[in-house]
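Q: Structural data only, the sequence is not supplied:
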C-alpha cells in the first residue's frame, strides 16, 4: 500500500500582507498617539517656532505707517550703535558670572550641608525650597521695598547698621545694582538646584565615603575626591542651565530697578529688547536684538550639548 | 463594531477632539466683519471701562452704557476693561502689534505716531461732525490738531491737561510756608523743599520721577519751563543737550544732593510717587490737576490737603508748560455705521455737558473731584464750555480756591514731542542719573541721551 501523501495545497500567507497588517496596526496604534499630539505640536509650532521665524524675518524689515519694507542689516547696525547695547551685554555677562559664582556654588554647598544632617531633614528641605514657591514678582517686591530700601529702615541696611557697617543705597547705587540682583535671584531660585544636588548626592554609594574615611580623608578631601566626581554630570548640566537662564535676566531689573535702573546699571539684554519693542515703538530693532541673543544662547547650548555628549 | 475597535475609534475621536480644542484654546475669536449682531444692531467694542476696584466709576460707566443704548436702540456697546491705567505703554504696544484693540480704543495724544505706524487706525475726518457729535464745533481745534496727521483726523480728544506744581497744603502749613502762595520759581521750590524735608519722618520736600517713562515726561515739562524744547523744530534732532537741559538736571541735583530735600527713595514711577504723596510723604511735585484725583481715589490721600500752583520758571514765570491728554482711536476696518456709533458714544460719554464724564451732579457725592480746573475741552466762549463750567461750579465738591494760583497764573501750553514715549524712555536715564548718583556728570548724561534720541528720530523718519 502506497501511502500517498495527501496533496495539500500550500497556501502560505504572503509575506507582504503580513507586513502590511503589522504596519497598518502600528499606524493605527500610532495614529491615536499622533492624534493626541496634534494640539501640543500645533500650539508649539504656533507659539514657539512661528514667532522665532517671524522674529528673524522681522529683524530684516521695518514697519512704518502700516507699510513693511525690507531694510537688510539696518536694524542690526542701529541696535548695535545704541549706547545701551554694550552696557546691556556687559551687565548681562557680569550678572551671569556673579550668579554662577554665588547661585551655582552656594546651592551645592547647601545641599552637601543638608545631606550631612541627621535630623529635621524634611523640615530643612522645605525651608530651603520655600522661596521657589513664592511667585517671583512677589519675592522681588519684598526685596525692593523691605530689604533694599535705601533708607536706614531697609532690612539689609538695618542689619549693616546694627553691626556698625556702612549702609548701601542698593538698587540706587550703580555699583550695587548687579550684586543686589544676584542676591535676590539666588535667594529665589536656589531651592530647586539644592533639591537636584541633594538627590544626586544621595545616589552616591556610601561605601565610597567609608573607603575615603578609612584612607584618612577629611571632609574637604571627601567632597573633592568623591562628591564632585560623582556629581559632575549634574554639575555640568546645572551650570549650563544656569548660564542660559541667567543670560535671560529680565524680571529682576524690571521690578527691582523699575527697568533700566540708575544710568542703565540694571539694563540687561532681555530688558533692552523689551524697551525697544514696547517703549520705543521699535519692534524690528527688538527682533534684531532677539536674534543676536538667540545666537549667543545657541552657542552656549551647543557647548552644553557637546559637554554632556562627552560625559555620556 | 467590536468593543476594542469601538474603544480605539472613541480614543481617536477624543484625541482629535482634544487636539482641536487645544488649537481653539490657542486662538482668539475674531469679530464679525459686518459689525452687526443677530438682531441687526450695530455693535462696537470700547475699552477703558473702569476696573472692578473702581466701584463708583464702574457703576457710572455701566449706567452710561445702559442710558446710551436706551437712547440708541440700534447700537450695542460692548465694554472692555484694560486695567486701571487705560494705556500702560507695554500693554498698549502689545495690543497694537497683535491687532487686539477694541473697535474704539483709548490712547494718549503722544500715541498718534505709534498708532499710525502700526497701520491699525482708521481715518474719521468725514464722519466726525455735528451729526455724530453735537458739540464737535466747540471742541478746541488745537486738541483736534494733535490727533490729525496730513490733514486727516484719527481720534476724538476726550481729556486734556497741563502741568503745574502740585503741593501738600498741610505740609506747607507745618513747615511754616504760606499755602496760598506756592513757589513760582525753581529757586523758591528749592527753598520750600528744604523747609518741608526738615520736618523729618522721611518726607521729601520735592519729589520727582525717574523711571517707567515718567522721568522723561517730567524732564520735558521742566525744560519747557526753561524755554527749551526736547526736539528741534523739524523734529529730527534732539535739542536738550544745552543750557536749559543742563539747568533742569542741575536744579534736581542741587535739591537731591545739595539740600537732601528729595528723600532717599528714587527711581520712582507714576504709582510710586503718588503712593508716597497719598501717605503724606511728599511736599511738592510736578503734575496735572487730575493727579490729586489719583492721590485720593487710588492712594488714600485727602482732597483738602492738596493744592496747585503754576509751573515754576527759572527766573520768573515759566516760559511754557507741557500739555497733553487722551482720546479715542478707531480700529481700521470698521463699517461707517460702527464709526458713527462710536462717535455717538463718545459724544454722549465724553463730550456732552451734564452727561458721562461731565455728569457733575452724579460725581458730587462720590469720591471723585468736581471743580478741578481741567479738562478744558471746549473753546473759550462756546456754549458747551459755558454749560460745562456752570455745572462744574454748581456741583464743586472741593475747595476751588486750592487751584486758584494755577488758574490765575496761566502758562503757555506746549504739546508733547513726536515719538514722545520713546524719547521719555531715553530721558529716564538722565533723570535717574542725577537723582541717584552724587557724582553724575550732567553733560555726559545729556550727551548719551542726545545720541539715543537722534538715533530714534533717524530710525523713525
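A: Arrived safely, thanks for sending. Keep in mind it's a predicted model, so treat the numbers as computed, not measured.
Q: helix, strand or coil for residue B:132?
A: coil (DSSP: H, G, I helix; E, B strand; the rest coil).
Q: so how far is residue B:155 from the nearest residue to it once chain neighbours are set aside?
A: Closest residue in space to residue B:132, ignoring its immediate chain neighbours: residue B:343 at 3.7 Å, by C-beta to C-beta, 6 or more residues apart in numbering or on different chains. Just so you know, the C-beta spots here come from the backbone N, C-alpha and C atoms, and that holds for glycine as well. From residue B:343 across to residue B:155, the span is 11 Å (C-beta to C-beta, to the nearest Å).
Q: Return every residue with contacts to both of these two.
A: residue B:124 (C-beta atoms under 8 Å, 6 or more residues apart in numbering or on different chains).
Q: quick revisit: and the helix or strand containing the residue nearest to residue B:132, what other elements does it pack with?
A: According to DSSP states H and E, residue B:343 maps onto helix B:336-350. Packing contacts for helix B:336-350, counted by 3 or more C-beta pairs under 8 Å, 6 or more residues apart in numbering or on different chains; DSSP states H and E, involve strand B:42-46, helix B:55-71, strand B:75-79, strand B:104-108, strand B:155-162, strand B:321-330.
Q: For it, could you pull out the residues that count as buried?
A: B:337-350 (16 or more other C-beta atoms under 10 Å in any protein chain shown).
Q: for residue 198, what are its contacts?
A: I'll assume chain A. A:111, A:114-115, A:125.
Q: nope, chain B please
A: Contacts for residue B:198 (C-beta under 8 Å, 6+ apart) come out as B:175, B:205.
Q: Spit out the contact partners of residue 222.
A: If you meant another chain, say so; for now it's chain A. Residue A:222 touches A:209, A:212-213, counting by C-beta under 8 Å, 6+ apart.
Q: wait, I meant chain B there
A: B:248, B:251, B:286.
Q: Assess the claim that the first one and residue B:219 are in contact.
A: Yes - here residue B:248 lies in contact with residue B:219, judged by C-beta atoms under 8 Å, at a distance of 6.0 Å.
Q: Would you agree residue B:152 is in contact with residue B:122?
A: No - using C-beta under 8 Å, residue B:152 is not in contact with residue B:122, being 9.9 Å away.
Q: So which of those two has more stuff around it?
A: residue B:122 (18 against 14; other C-beta atoms under 10 Å in any protein chain shown).
Q: can you give me the mean pLDDT across the helix or strand in which residue B:145 is found?
A: Element membership of residue B:145 [criterion: DSSP H and E] is helix B:141-146. Helix B:141-146 carries an average pLDDT of 92.
Q: how distant is the following helix or strand past that helix from the center of its chain?
A: Once the chain leaves helix B:141-146, the next helix or strand it forms, by DSSP H and E, is strand B:148-149. Averaged C-alpha coordinates place strand B:148-149 at 19 Å from its chain's average position (C-alpha atoms, centre = their mean, to the nearest Å).
Q: Among the contacts of residue A:198, which lie within helices?
A: A:111, A:114-115, A:125 (DSSP state H).
Q: want to try a markdown table for those residues, with distance to residue B:431, pLDDT and neighbour count as columns?
A: As requested, the ones in helices among the contacts of residue A:198 are arranged in a markdown table below (distance: C-beta to C-beta, whole Å; pLDDT from 0 to 100; neighbours: other C-beta atoms under 10 Å in any protein chain shown):
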| residue | distance to residue B:431 | pLDDT | neighbour count |
| --- | --- | --- | --- |
| A:111 | 44 | 88 | 25 |
| A:114 | 46 | 87 | 19 |
| A:115 | 50 | 83 | 15 |
| A:125 | 46 | 84 | 17 |
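Q: check contacts around whichever residue of the stretch 1-150 of chain B sits closest to chain A.
A: Closest residue of the stretch 1-150 of chain B to chain A, C-beta to the nearest C-beta: residue B:119 (2.0 Å). Contacts for residue B:119 (C-beta under 8 Å, 6+ apart) come out as A:63, A:65-67, B:332.
Q: Got a quick PyMOL command for the buried subset of these?
A: To isolate the buried members of the contacts of residue B:119 in PyMOL, using 16+ other C-beta under 10 Å:
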select buried, chain A and resi 63
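Q: pLDDT averaged over stretch B:210-225 - what is it?
A: 94.
Q: Report the distance from it to the chain centre.
A: 14 Å.
Q: Please apply the same query to stretch B:68-77.
A: 28 Å.
Q: residues of that stretch that come out buried?
A: B:68, B:72, B:75-77.
Q: and what of stretch B:282-290?
A: B:282-289.
Q: Closest one of these to chain A?
A: residue B:282 (14.9 Å).
Q: care to break chain A down by domain?
A: A:24-49, A:79-311 (automatic domain parsing).
Q: among those, which is the most enclosed?
A: Most buried of those, by mean neighbour count (mean count of other C-beta atoms under 10 Å in any protein chain shown): domain A:79-311, with a mean of 18.
Q: which stretches of the chain aren't confidently modelled?
A: I went with chain A, as the question did not name one. A:1-20, A:308, A:310-312 (pLDDT under 70).
Q: Chain B, not that one
A: Ranges of chain B meeting pLDDT under 70: B:1-34, B:460-461.
Q: Let me see the domain layout of it.
A: With automatic domain parsing as the reference, chain B has domains B:42-160+B:324-394, B:164-323+B:412-460.
Q: Point out the ones among the contacts of residue A:222 that are inside helices.
A: Those of the contacts of residue A:222 lying in helices (DSSP H): A:209, A:212-213.
Q: With distance to residue A:289 as extra columns, can I get those residues in JSON lines?
A: Conversion of the ones in helices among the contacts of residue A:222 to JSON lines gives the following (distance: C-beta to C-beta, whole Å):
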{"residue": "A:209", "distance to residue A:289": "49"}
{"residue": "A:212", "distance to residue A:289": "50"}
{"residue": "A:213", "distance to residue A:289": "54"}
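Q: nearest to chain B, of those?
A: Closest to chain B, out of all of the ones in helices among the contacts of residue A:222 and judged by C-beta to the nearest C-beta, is residue A:209, at 49.2 Å.
Q: what's near enough to touch that closest one?
A: Residue A:209 touches A:222, A:226, counting by C-beta under 8 Å, 6+ apart.
Q: rewinding a little: from the buried residues of helix B:336-350, which single one is nearest chain A?
A: Among the buried residues of helix B:336-350, and counting by C-beta to the nearest C-beta, the member closest to chain A is residue B:339, at 18.0 Å.
Q: What is the neighbour count of the residue nearest to that closest one when sequence neighbours are not counted?
A: Counting by C-beta to C-beta, 6+ apart, residue B:127 is the residue found nearest to residue B:339 once chain neighbours are left out, at 5.0 Å. Applying other C-beta under 10 Å, we find 18 residues neighbouring residue B:127.
Q: Let me see the contact set for residue B:127.
A: B:336, B:339-340, B:343.
Q: Would you tell me which one of those comes nearest to residue B:310?
A: residue B:343 (35.2 Å; C-beta to C-beta).
Q: In contact with residue B:356, which residues?
A: B:64, B:348-350 are the contacts of residue B:356 under C-beta under 8 Å, 6+ apart.
Q: among the residues you listed, which two are most distant?
A: Farthest pair in these, by C-beta to C-beta: B:64 and B:350, 9.8 Å.
Q: Surely residue B:53 touches residue B:84?
A: Yes - using C-beta under 8 Å, residue B:53 is in contact with residue B:84, at 7.2 Å.
Q: Show me which residues of the stretch 51-200 of chain A sit near chain B.
A: A:62-67, A:78, A:81-84, A:149-151, A:153, A:169, A:171-174 (C-beta under 8 Å from any C-beta of the partner chain).
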